[in-house]
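# please find the sequence and the predicted model below.
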Amino acid sequence: MINQREMVRITERYLIRMADEIFEHPRLVAIYDSHTDPDRSDLDVYVAIADELGAHRVLDVGCGTGTFALLLAGRGLEVTGVDPAGGSLDVARAKPGAERVRWIHGDVTALPSMQVDFATMTGNVAQAIADRQDWEATLRGVYDALRPGGRLVFETRDPANRAWQEWNRAATHKITEVAGVGAVESWGEVLDISEQLVTFRHTWIFASDGQMLTSDSTLRFRERDEVEAALVAHGYVVEEIRGARDRPGREFVFFALRQE
């Protein structure tokens, strides 16, 4: 008989695995860069960190449509981008310069043997790995991919700020004119809050034919101490926890070292 804790775990995995049409549906991934997430100024901070660490080989976990991977590859770095969403990778592979990046469809458990200097999870990818077992597997997989002395750097929202309170139709509604597509209207709204898990829905309406598409996603809001303890448990040394320079007081940025 399945106990309550096991039922919660199974439910979490179902929600996470069955969500995220935003990253898979051809019509949605085609507008992701220009409409859904057009401001990637947050990546400037990670470019600066790559420079700070003197990185030459980089693993971009949850690379999505490849914006950051291509940015680094254009600067002469050796980059591997991994993502479980094949639709997003199709967009990434079609971009100029995509041949400079090694693209892998899957999660970090699908990685070939490698030794990178620097691994990242930008754009709150760490929160999207909401299932506990998947999170632990990710930390193990990245550790194995790092060379001794390499670092994992990633961000996660501070739960104390309750960012989800701003995820409503009034605050997120927008209409964007997308080249070759036409006007796209969209908004987001929270569906459920259950302990650390926040489930929300994106909605899009395409003016050209009136089609409405939706995508449900679930994020886990982990406490700072919980993230730090998980890193230590998987062999990392937590060197530093910074605030996000572009979002002061709202994010934690973890610097985790694989020791020599």
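Nice, thanks for sending it over. Residues are numbered from 1 along each chain as shown.

# by neighbour count, which bits of stretch 124-133 are buried? Give me those.
Neighbour-count burial for stretch 124-133, counted by 16 or more other CB atoms under 10 Å, picks out 124-131. In this view, the C-beta of every residue, glycine as well, is placed from N, C-alpha and C.

# all strands for the stretch 51-200 of the chain, in order.
According to DSSP state E, counting those that start in this stretch, the stretch 51-200 of the chain carries its strands in the segments 57-61, 78-83, 101-105, 116-121, 146-157, 174-178, 182-194, 197-206.

# can you put those in CSV and add mean pLDDT, mean neighbour count and distance to Val232?
Converted to CSV, these look like this (pLDDT from 0 to 100; neighbours: other CB atoms under 10 Å; distance: least, CB to CB, whole Å):
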stretch, mean pLDDT, mean neighbour count, distance to Val232
strand 57-61, 98, 25, 19
strand 78-83, 97, 24, 24
strand 101-105, 96, 18, 27
strand 116-121, 97, 24, 17
strand 146-157, 97, 21, 13
strand 174-178, 95, 13, 41
strand 182-194, 96, 15, 27
strand 197-206, 97, 18, 24
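
# so which of those gets nearest Arg258?
Set against Arg258 and scored by CB to CB, the strands of the stretch 51-200 of the chain come closest in strand 146-157, at 4.2 Å.

# quick one: strands adjacent to the closest one?
Strand pairing for strand 146-157, using DSSP bridges, gives strand 116-121 (parallel), strand 251-257 (antiparallel).

# pipe those strands into JSON lines and attach distance to Val82 per row.
Formatted as JSON lines, those follow (distance: least, CB to CB, whole Å):
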{"stretch": "strand 116-121", "distance to Val82": "10"}
{"stretch": "strand 251-257", "distance to Val82": "18"}
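
# among the strands of the stretch 51-200 of the chain, which comes closest to Leu231?
When the strands of the stretch 51-200 of the chain are compared for distance to Leu231 using CB to CB, the nearest one is strand 146-157, at 7.9 Å.

# what's the angle between that closest one and strand 57-61?
Counting by axes from the mean of the first three to the mean of the last three CA atoms, to 10 degrees, strand 146-157 lies at 40 degrees to strand 57-61.

# by how many degrees do strand 146-157 and strand 197-206 diverge?
80 degrees.

# centre of the chain versus strand 146-157, how much separation?
Strand 146-157 sits 14 Å away from the centroid of its parent chain (CA atoms, centre = their mean, to the nearest Å).

# with stretch 184-196 instead?
Chain-centre distance of stretch 184-196: 17 Å, with CA atoms, centre = their mean.

# do the same with stretch 232-250
16 Å.

# end-to-end on it?
23 Å (CA to CA, to the nearest Å).

# Ser186: which of the strands paired with strand 146-157 is closest?
The closest of the strands paired with strand 146-157 to Ser186 is strand 251-257. By CB to CB, the value is 23.4 Å.

# understood, closing this out.
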